[in-house]
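[1] Show me how the following folds:
(one chain, ligands or ions: 1)
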Amino acid sequence: MTTLGILGSGNIGATFARLAVLAGHDVVLSNSRSPETLWPLAAALGPRARAATAQEAADAGDVVLVSVPFGRYRQLSATALTGKVVLDTGNYYPDRDAQFAELDAARATTSGMVQEHLAGAQVVKVLNNIWFHHLGLAARPAGAPDRSTLPVAGDHPDANKVAAGLLDELGYDTLDTGGLVDSWRFERDQPAYVAPYGPFDMSAGTTPVTADALADALARATR
Ligand SMILES: NC(=O)c1ccc[n+]([C@@H]2O[C@H](COP(=O)([O-])OP(=O)(O)OC[C@H]3O[C@@H](n4cnc5c(N)ncnc54)[C@H](OP(=O)(O)O)[C@@H]3O)[C@@H](O)[C@H]2O)c1
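    Purely as a prediction, here's the structure:
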């Protein structure tokens with residue numbers, strides 16, 4: 001059992017929290033407002049969940065999920081996250097996040113930018129390429145024939161392993177794709193982004209994604 005800090009408890013953060021609680025972890029939820037606004041979610045998740053400030057959530061665990069709109073990443077406290085394994089789910093949507101020239105010119109990756117900002121943390125890009133609805137639906141125990149595979153990328157191999165171990169407990173196989181410099185391969189609109197896991201439809205199910213299928217989608221990425 002681990003305590004996981006969560007910065008951003010929206011679609012992805014809350015789904016991750018639910019899977020983590022089901023796997024026996026404690027979670028500390030936070031958002032950009034006050035803990036009170038997360039009391040209903042914490043209550044629904046049960047005694048393993050509590051709501052706190054972003055600072056308290058960052059302090060709470062060695063592993064911290066960062067699931068805020070990408071354009072806000074500079075609001076994250078580099079000091080609070082120093083020494084942490086940071087699981088970064090962000091994607092770049094210019095209409096929501098404003099324009100970032102280095103991404104528009106394909107000179108950077110979103111998680112590479114987060115790593116640069118959080119210089120003392122070990123950033124792992126995870127969960128950005130699966131729709132939150134599928135993330136909740138597709139989790140399976142280890143060894144299940146219809147288990148799906150998610151990519152992880154990061155510049156600190158031990159942190160990638162921590163992320164992979166956690167995702168294994170939450171219901172997913174993983175494929176370590178290496179450093180952040182290549183993590184554009186599963187950013188927005190690439191073949192490995194969202195679509196392989198099923199239709200973008202709340203009433204539809206999910207499609208299991210094998211490691212081979214994921215590797216094939218990553219190999220087809222173009223930039
Ligand atoms: N939705 C998906 O299926 C999906 C899938 C994969 C990846 N992603 C990516 O993951 C990120 C989060 O997506 P989402 O759909 O979960 O977003 P969301 O539902 O809009 O939730 C965002 C959360 O971030 C919080 N937040 C904003 N600024 C913050 C700050 N400075 N400190 C702490 N918390 C802050 C928000 O709090 P308040 O409500 O208080 O503002 C909210 O709890 C995005 O980059 C998105 O592109 C989303």
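
[2] What segments of the chain are strands?
    Applying DSSP state E to the chain gives strands spanning 3-7, 26-30, 49-51, 63-66, 85-88, 122-125, 149-154, 173-176.

[3] so which of those strands comes closest to the ligand?
    strand 3-7 (4.5 Å; C-beta to the nearest ligand atom). Backbone N, C-alpha and C define where each C-beta goes, glycine included.

[4] same for the longest helix seen in the chain, what does it pack against?
    Scanning the chain for the helix with the most residues, using DSSP state H, yields helix 157-170. The helices and strands touching helix 157-170, judged by 3 or more C-beta pairs under 8 Å, 6 or more residues apart in numbering; DSSP states H and E, are helix 11-22, strand 63-66, strand 85-88, strand 122-125, strand 149-154, strand 173-176.

[5] Pull the residues that contact the second one.
    Going back to what we said before, that points to strand 63-66. Strand 63-66 is contacted by residues 2, 4-8, 13, 16, 57-58, 73, 76, 81, 84-90, 114, 162-163, 166 when judged by C-beta atoms under 8 Å, 6 or more residues apart in numbering.

[6] got the helices and strands packed on helix 157-170 as a markdown table, with mean neighbour count and mean pLDDT columns?
    Compiled in a markdown table, those are given as follows (neighbours: other C-beta atoms under 10 Å; pLDDT from 0 to 100):
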| stretch | mean neighbour count | mean pLDDT |
| --- | --- | --- |
| helix 11-22 | 22 | 98 |
| strand 63-66 | 27 | 98 |
| strand 85-88 | 28 | 98 |
| strand 122-125 | 28 | 98 |
| strand 149-154 | 25 | 99 |
| strand 173-176 | 18 | 98 |
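
[7] Looking at those, which is nearest to residue 96?
    For residue 96, the closest of these is helix 11-22, at 13.0 Å, according to C-beta to C-beta.
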